[in-house]
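> coords please:
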Amino acid sequence: MRKHKNRQKRGKKQRKIIIITACSLLLVMTVGYATMQTNLNINAKGNVVKKTSLGSDLIDKVGVVDSGDGLYKDSYEENVYAYRGSNPNNYVTFNEELWRIISVNTSDNTIKIMRNDVLSDRKYDDVAKRYSSGGYCNDDGYGCNIWGSSSTLYDSNLSPITTLAREVGKTAYTLLTSEADLNTYLNDEYYKGLNSTVQRMITEGIYKVGVLNNQSGQKINVDISQVNAVKWKGKVALIDATEFVRASINSSCDSVYSSTYSGGTNCGILNWMLFDEIYWTMSPFSDTYSSYVFYVDTAGRLYDGFGDANNLYGVRPVVTLSPNVKITGGDGSESSPFVLEIQNRFIPYFFILNNYDILITGDFMNTFIYSNTNKRYH
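Numbering: from 1, shown residues only. I've put the predicted structure just below:
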């Protein structure tokens, strides 16, 4: 009897050591160690669950179209699929509100979504707050049109930048260290007001905020290259002007210019982003002065010259959903929007440790040990 109890004690102790060791190994792997030297006999067998793939899963669920309302493969950016048309089934419940899916990026399996309704009117940037006579923000009376700052802006290759030209192809000026007021509000007060589950669904996105030169004859491919020249990383943003253009399936909508005060309302036709309230984009207008920002009016025009940054217009927040989010219900219609659920942040690991098969779940609370010697679970 005593020997049996001693064997039980030794077995429990050994299992405890194995669990502690296995958890420690998982922690090491989580923080990025690819290999490690050890006296233990470890043979990794790989993950036991499928890699999260929100973007690809959505494409598989809804399919891709080439006419009418729906999800299209983008003609200008690789790995991007965008919802287009007058009213596609791209509704999703998020933060207990209706939001809409803008696009899918299969390179990282993220989805970009925009709030369906408009928040109360806000200034894009306040008067003179970021004014600098020799810097980028040179208009002290009307605010500044650049979304980010010298610490949060990058070039198209994601290298940090500290200078930027107000006009495409012209002299670059020093950027300031502060963000646009609307940027600060969305990523501080607004973001903090979201519940913790919703916050976990949001991943840091990369957004296009380059200066856009609106001129006759310039087509959408040039527009995209211009907004793509400067990028901003963060949690909450707005659409850029080219995203509004690409949401339309009107064949006459082929550039930002085709939907401006000069070019008409072509891009407001057959476009789900059209709304009955004016709202901001995050695209600066190329001009001698740094105060003009594109906004969308109720007729479907992208205004530039009247869009002083200190004006009061509506706000439709945009966020990027983590690939760890899963669609668990709904068909994307307004009456049955997609339902989202956040998956476990960690992927379980399965490996052999000293002749034991070890499965550790992502929350570390459930560890399953199978003895290859005794052929049973512990």
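> Report pLDDT for residue 259.
We have a pLDDT of 77 for residue 259.
> my bad, should have said residue 169
Taking residue 169 on its own, its pLDDT is 88.
> what's the closest non-adjacent residue to residue 79?
Using C-beta to C-beta, 6 or more residues apart in numbering and skipping residues adjacent in sequence, the residue nearest residue 79 is residue 107, 4.1 Å away. Where C-beta positions appear, they are placed from N, C-alpha and C, glycine not excepted.
> I meant to write residue 81 there.
Counting by C-beta to C-beta, 6+ apart, residue 104 is the residue found nearest to residue 81 once chain neighbours are left out, at 4.4 Å.
> Would you mind identifying the next helix or strand past the longest strand belonging to the chain?
Using DSSP state E, we find that the single longest strand of the chain is strand 97-105. Where DSSP states H and E defines the elements, the next helix or strand beyond strand 97-105 is strand 110-115.
> Report the strands that pair with that next one, each with its relative direction.
strand 97-105 (antiparallel), strand 318-321 (antiparallel) (DSSP bridges).
> deepest of those strands, which one?
Ranked by mean neighbour count under mean count of other C-beta atoms under 10 Å, the strands paired with strand 110-115 are led by strand 318-321, which reaches a mean of 25.
> Look up how far residue 230 lies from residue 109.
Relative to residue 230, residue 109 is positioned 25 Å away (C-beta to C-beta, to the nearest Å).
> Could you do residue 298 as well?
Note on residue 298: its distance to residue 230, by C-beta to C-beta, is 28 Å.
> And the two? Which one has more around it.
Taking neighbours as other C-beta atoms under 10 Å, residue 298 and residue 230 compare with residue 230 leading, 23 against 12.
> who touches that one in this structure?
Contacts of residue 230 were listed using C-beta atoms under 8 Å, 6 or more residues apart in numbering, and they are 153-156, 161, 164, 208-211.
> to the chain's geometric centre, what's the distance from stretch 276-293?
21 Å (C-alpha atoms, centre = their mean, to the nearest Å).
> nope, stretch 302-320 is what I was after
19 Å.
> buried set for it?
For stretch 302-320, the neighbour count (16 or more other C-beta atoms under 10 Å) marks 302-304, 307-311, 313-320 as buried.
> how long is that stretch from one end to the other?
23 Å (C-alpha to C-alpha, to the nearest Å).
> could we number from 330 for the rest of this?
All right, first residue 330 from here; so that's stretch 631-649.
> so what's the most centrally placed residue in the chain bridging to?
The chain has residue 649 as the residue nearest its centroid, 2.2 Å off, counting by C-alpha atoms, centre = their mean. On the basis of DSSP bridges, residue 649 is bridged to residue 441, residue 532.
> Need the per-residue pLDDT for it.
Per the predicted model, pLDDT is 98 at residue 649.
> how about the helices in the protein?
331-359, 383-391, 510-514, 520-521, 525-530, 549-556, 570-575 (DSSP state H).
> Could you identify which of the ones you listed has the lowest mean pLDDT?
Of all the helices of the chain, helix 331-359 has the smallest average pLDDT, which comes to a mean of 53.
> which stretches of the stretch 530-679 of the chain form strands?
For the stretch 530-679 of the chain, applying DSSP state E, counting those that start in this stretch gives strands covering 531-532, 534-537, 559-563, 565-566, 608-613, 622-625, 631-632, 641-644, 647-650, 654-658, 668-671, 678-682.
> ditto for the stretch 380-529 of the chain
So, for the stretch 380-529 of the chain - with DSSP E, counting those that start in this stretch - the strands run 399-402, 409-413, 420-423, 426-434, 439-444, 448-452, 482-484, 492-494, 501-503.
> hang on, isn't residue 665 packed against residue 421?
No: using C-beta atoms under 8 Å, residue 665 is not in contact with residue 421, being 10.7 Å away.
> buried stuff in stretch 407-421?
Of the residues in stretch 407-421, those buried (16+ other C-beta under 10 Å) are 409-414, 417-421.
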